[in-house]
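Q: Let me see the structure of the following:
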Amino acid sequence: MQPLPVSDGAATRGEEQPSFAARLFVAEGRLRPVWRLMLFVPLASVCMALGATLGALFTSEEAATEIGGTAGLLAASLLMTRFADRRPLRSLGLVLRPGRLPDRDFLLGCLIAFAQLGLLLSIEVACGWTRIVSLHWDGRVLLGGVGLFLGVAFLEEMLSRGYLFQTLEALCGGWKSGRRGAPSSGAIIALALTSIGFGLMHAGNPNASAPAVVLLVLAGVELGVAYLVTRRLWLPIGLHFAWNLAEGTVFGFPVSGQEVASLLQLERSGPLLWTGGAFGPEAGVFAIPVSLGNIALMLWLARRGFWQPELWAPALLKPAVTTSAATAAAFENTLPPAIETQPAIATQPTTAIAETATPATMPQITAPSQIPTPSETSLAGKARW
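A: Numbers count the residues shown, from 1 in each chain. Predicted structure coming up:
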């Protein structure tokens with residue numbers, strides 16, 4: 001009697017289908033981006049407030065806000081990346097290149113920002129709107145500015161280009177690049193939203209105006225492009241930190257409407273539209289070609305392969321082992337080719353045949369457990385602009 005054929009559905013009859021609630025909240029083994037975003041905002045707020053409160057016990061209120069808030073935001077981002085996204089922590093964009101401390105991208109950002117502010121100062125001096133009154137070297141002023149603006153840059157870039165940016169990108173279209181290496185729709189939408197938020201973040205600063213907020217949105221685009229071409233936070237952190245340091249501590253401009261101690265003492269005048277007035281040169285028209293020029297430079301370097309960013313695929317940190325057609329095909333490929341039978345030679349002794357079939361000459365069959373599994377952190381590809 002021939003055995004009855006087994007239907008295709010019999011193998012999966014015992015598998016449990018996910019419930020409606022599971023499909024609503026979970027996709028690909030993790031929370032959907034919209035729920036991750038809704039969870040991150042209150043978690044980051046609580047962590048930042050807790051960090052600032054604890055920091056106030058050991059330092060001044062201003063330093064506690066920067067240091068404690070940054071530590072709280074970093075803790076919330078790492079928790080969400082590890083447990084909600086189930087991605088490697090280095091995918092957040094803060095990993096340092098092996099053997100390079102400080103990071104090359106950070107130093108490049110500092111160099112570009114100092115060149116930008118030096119160009120703006122030269123333009124205003126050449127136009128007769130700014131005069132250098134004096135130069136007073138003070139190491140404590142310089143160190144104080146480094147500490148202050150490094151904390152500001154780290155906090156604001158983590159907030160605008162860190163986990164929030166990545167989750168918005170996943171929510172609005174994912175990591176896949178568009179045609180001919182163009183940025184994905186998710187990257188463009190995340191860039192627009194975070195840049196607008198970056199401008200509005202400074203709307204309450206002293207001497208802020210509508211043109212200042214609009215130009216800060218452009219600055220947010222510049223910093224967002226710096227993240228996208230590298231997929232790491234060190235280039236935008238370097239740009240942000242060095243812009244503020246050069247603008248305020250070194251050259252003596254106002255920093256987003258706030259006066260800070262500086263090495264150079266300036267006497268400024270000229271039209272508010274072009275110079276930015278008491279808010280700082282980032283609110284003046286001259287800042288537009290400076291920012292656009294840097295964006296063009298970064299895109300040009302990216303096209304020439306200066307950066308090789310890692311695009312983290314939406315694969316789980318620890319993917320579940322499942323049986324699929326690809327796995328079955330991989331197993332079949334490990335099997336040895338069929339051995340063609342040859343007619344036996346009557347004159348060959350049986351012992352001689354047994355000696356030739358030694359374990360060394362017999363084909364080795366790979367067990368299913370030895371088949372290589374997909375990498376835990378697969379790359380979606382190299383980003384090109």
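
Q: count of residues packed around the residue nearest to Ala170 when sequence neighbours are not counted?
A: In this structure, Ala170 finds its nearest non-sequential neighbour in Pro33, 4.4 Å apart by Cβ to Cβ, 6 or more residues apart in numbering. Placement of C-beta: from N, CA and C, glycine included. For Pro33, the neighbour count with other Cβ atoms under 10 Å is 21.

Q: For Pro33, give me its contacts.
A: 167-168, 170-171 (Cβ atoms under 8 Å, 6 or more residues apart in numbering).

Q: so which of the residues you listed comes closest to Gly220?
A: Ranked by distance to Gly220 (Cβ to Cβ), those are led by Leu168 at 13.2 Å.

Q: can you tell me which helix or strand that closest one belongs to?
A: Here Leu168, judged by DSSP states H and E, is contained in helix 163-171.

Q: any idea how far that helix is from the chain center?
A: Helix 163-171 has its C-alpha centroid displaced from the chain centroid by 9 Å (Cα atoms, centre = their mean, to the nearest Å).

Q: From the rest of the structure, what touches it?
A: Helix 163-171 is contacted from outside by 33-34, 36-37, 40, 76-77, 80-81, 91-93, 175, 184, 186-187, 189-191, 193-194, 224, 227, 314, using Cβ under 8 Å, 6+ apart.

Q: switch the cut-off to 6 Å
A: By Cβ atoms under 6 Å, 6 or more residues apart in numbering, the list of residues contacting helix 163-171 from outside reads 33-34, 36-37, 77, 80, 186-187, 190, 193-194.

Q: What segments of the stretch 101-250 of the chain are helices?
A: 104-126, 139-161, 163-171, 185-201, 210-230, 234-244 (DSSP state H, counting those that start in this stretch).

Q: So for the shortest one, mean pLDDT?
A: In this case it means helix 163-171. Helix 163-171 shows a mean pLDDT of 92.

Q: quick one, that helix and helix 139-161 angle?
A: Counting by axes from the mean of the first three to the mean of the last three Cα atoms, to 10 degrees, helix 163-171 lies at 20 degrees to helix 139-161.

Q: With only the CA atoms kept, save helix 163-171 in CSV.
A: The C-alpha trace of helix 163-171 is given here as CSV (Å, rounded to 0.1, in the frame of the first residue of the first chain):
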residue,chain,number,x,y,z
TYR,A,163,17.8,58.2,17.6
LEU,A,164,15.0,60.6,16.7
PHE,A,165,16.3,61.1,13.2
GLN,A,166,16.8,57.4,12.6
THR,A,167,13.3,56.5,13.9
LEU,A,168,11.7,59.1,11.8
GLU,A,169,13.6,57.8,8.8
ALA,A,170,12.4,54.3,9.4
LEU,A,171,8.8,55.5,9.9
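
Q: Quick one: residues contacting the spatially closest residue to Ala56 that is not a sequence neighbour.
A: Closest residue to Ala56 apart from its sequence neighbours, by Cβ to Cβ, 6+ apart: Ala64 at 4.1 Å. Residues counted as contacts of Ala64 (Cβ under 6 Å, 6+ apart) are 52, 55-56.

Q: Look up which helix or strand Ala64 falls in, please.
A: With elements taken from DSSP H and E, the one containing Ala64 is helix 61-79.

Q: Can you list the buried residues in that helix?
A: Neighbour counts over helix 61-79 (16 or more other Cβ atoms under 10 Å) mark 63-77, 79 as buried.

Q: pLDDT (mean, whole number) over it?
A: For helix 61-79, mean pLDDT is 85.

Q: between it and helix 139-161, how big is the angle?
A: Helix 61-79 and helix 139-161 are oriented at 40 degrees to each other (the same axes, to 10 degrees).

Q: what's the spacing between helix 61-79 and its chain's center?
A: Worked out by Cα atoms, centre = their mean, helix 61-79 lies 18 Å from the chain centre.

Q: Same check on stretch 269-281?
A: The answer for stretch 269-281 is 33 Å, by Cα atoms, centre = their mean.

Q: okay, and for this structure, where does confidence drop off?
A: Across the chain, the ranges flagged by pLDDT under 70 are 1-16, 61, 97-102, 174-183, 310-385.

Q: Angles on the backbone of Gln258, please.
A: phi -120, psi 130 (degrees, to the nearest 10).

Q: Without its sequence neighbours, what residue ends up closest to it?
A: Pro206 (6.2 Å).

Q: I figured the one you found hits Ser256, correct?
A: No: counting by Cβ atoms under 6 Å, Pro206 does not reach Ser256; the two are 8.5 Å apart.

Q: the more surrounded of these two?
A: Between Pro206 and Ser256, counted using other Cβ under 10 Å, Ser256 has the larger neighbour count: 23 against 11.

Q: can you pull the contacts of the more buried one?
A: For Ser256, the contacting residues are 202, 205, 280, by Cβ under 6 Å, 6+ apart.

Q: do the same with Val229
A: Val229 sits in contact with 298, 302, 307, where contact means Cβ under 6 Å, 6+ apart.

Q: What distance do you get for it to Val146?
A: 26 Å (Cβ to Cβ, to the nearest Å).

Q: Equivalent analysis for Leu24, please.
A: 48 Å.

Q: try Ala219
A: Using Cβ to Cβ, Ala219 is found at 21 Å from Val146.

Q: Comparing these two, which residue is more hemmed in?
A: Using other Cβ under 10 Å, the more surrounded residue of Ala219 and Val146 is Ala219, with 23 against 13.

Q: need the contact list for the spatially closest residue to Leu223 that is not a sequence neighbour.
A: Counting by Cβ to Cβ, 6+ apart, Leu223 lies nearest to Pro236, which is 4.3 Å off, once chain neighbours are set aside. Neighbour list for Pro236: 157, 161, 223, 226-227 [criterion: Cβ under 6 Å, 6+ apart].

Q: In the residues you listed, find the pair that's most separated.
A: Top of the distance list for the contacts of Pro236 (Cβ to Cβ): Glu157 and Ala226, 9.2 Å.

Q: Phi first, then psi, for His136.
A: Phi and psi for His136, reported as degrees, to the nearest 10, are phi -130, psi 110.
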